[in-house]
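Visitor: 3D, please:
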Amino acid sequence: MKFQNENSFQVKEKINEKLVAILPVGAVEAHGPHLPLGTDNVLAERLADKLAEQVNAFVLPTLPYGQVWSLKNFPGSINVSNESIIGMLVDIGDSLYRQGFKVLAIVNGHLGNAVAIKEAARRLYERYKDFKVFYFFYPGMKNPVEEVRETPSSHGTYFHACEIETSFMLHLAEEYVDMEKAICDIPTIPLSADSTPTPWEEFTSSAVLGDATLATKEKGGKIISVSLNHMIDMIQLAKEELHDSTE
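Guide: Below is the predicted model:
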């Protein structure tokens, strides 16, 4: 259920009934020739909608800009600082808590936001001990990714516009994917990239980190299903704990 479509006269009762808000957070950045700039927003939104259906939660309007420092020099990328993201998330969380929400689940579609989101969650935790904040970035994806992947990963942590992320899009938002333009570009990422600031144009001209031509809807579905179930389980447990604490 979309929060922004509610009205002020009726929403309070629904907040007290649902108690859970889901915030999709994405980014606008280069994703190769076959995926749109808003790929991370689309993925976060579609995943948030599926999650909300299962846990009876509100879906908040998407926070569409992210920390894309690594790709900021590619055409179309829009970068905001970690400080800006932290401030926005803490303010949103503060407002949600005051409105009566007890759980905030941040569904993040962009790995570059992870540091800022975690810091925001920690600040909210320090402020409101009875306000549960989750930061989800495809939890539990490691094993299913290893099962479906046909090409080695360019990096131990990154996956971008590649076999995996393109499979996510084919599963969740196929209408935005142009597989006729999908490419295979597996760059060699230097070890130093994990130890010093390294703009991605130093090792890729496409922003694709893998073989996107191998992406399939089925691969994406298998991984997303596992991650979605993990998120559902964590939120359901939080709701059970809330119920127990009020008895």
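Visitor: Check which helix or strand V107 maps to.
Guide: strand 103-108 (DSSP states H and E).
Visitor: Show me which residues of that strand are buried.
Guide: For strand 103-108, a neighbour-count test (16 or more other C-beta atoms under 10 Å) marks 103-108 as buried. All C-beta atoms are positioned from the backbone trio N, CA, C, and that covers glycine.
Visitor: Kindly report the same for stretch 81-91.
Guide: Using 16+ other C-beta under 10 Å as the test for burial, stretch 81-91 gives 82, 85-86, 88-90.
Visitor: Could I get the residues you listed in CSV, plus columns for secondary structure, pLDDT and distance to E241?
Guide: Formatted as CSV, the buried residues of stretch 81-91 follow (DSSP: H, G, I helix; E, B strand; the rest coil; pLDDT from 0 to 100; distance: C-beta to C-beta, whole Å):
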residue, secondary structure, pLDDT, distance to E241
N82, helix, 98, 30
I85, helix, 98, 28
I86, helix, 98, 26
M88, helix, 98, 27
L89, helix, 98, 23
V90, helix, 98, 23
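Visitor: sorry, back to before: give the partner strands of the strand holding V107 in its sheet and their orientations.
Guide: Here strand 103-108 has these sheet partners by DSSP bridges: strand 20-25 (parallel), strand 132-136 (parallel).
Visitor: Now render the buried residues of stretch 81-91 as CSV, adding distance to C162.
Guide: Shown next, in CSV, are those (distance: C-beta to C-beta, whole Å):
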residue, distance to C162
N82, 25
I85, 24
I86, 28
M88, 29
L89, 27
V90, 32
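Visitor: nearest to V133, of those?
Guide: Closest approach between the buried residues of stretch 81-91 and V133, by C-beta to C-beta: L89, at 8.9 Å.
Visitor: can you pull out the helices in this structure?
Guide: For the chain, the helices defined by DSSP state H cover 11-18, 39-55, 82-99, 114-127, 142-148, 163-172, 217-246.
Visitor: Report the contact partners of W200.
Guide: 70-71, 74, 207 (C-beta atoms under 8 Å, 6 or more residues apart in numbering).
Visitor: Go through these and name the one nearest M1.
Guide: Of the contacts of W200, the one sitting nearest to M1 (C-beta to C-beta) turns out to be L71, at 33.3 Å.
Visitor: tell me the contacts of F168?
Guide: F168 is in contact with 43, 220, 223-224, counting by C-beta under 8 Å, 6+ apart.
Visitor: Output those residues as CSV; include the columns distance to H31, pLDDT and neighbour count.
Guide: Listed next are these as CSV, based on distance: C-beta to C-beta, whole Å; pLDDT from 0 to 100; neighbours: other C-beta atoms under 10 Å:
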residue, distance to H31, pLDDT, neighbour count
L43, 10, 98, 27
G220, 15, 98, 24
I223, 17, 98, 23
I224, 17, 98, 21
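Visitor: Now S81. Its backbone dihedrals?
Guide: In terms of degrees, to the nearest 10, the main-chain angles of S81 are phi -80, psi 160.
Visitor: residue contacts, I224?
Guide: In this structure, I224 makes contact with 47, 138, 168, 171-172, judged by C-beta under 8 Å, 6+ apart.
Visitor: Next: V177.
Guide: 34-35, 166, 169-170, 215.
Visitor: Ok, E180 next?
Guide: Going by C-beta under 8 Å, 6+ apart, E180 touches H34.
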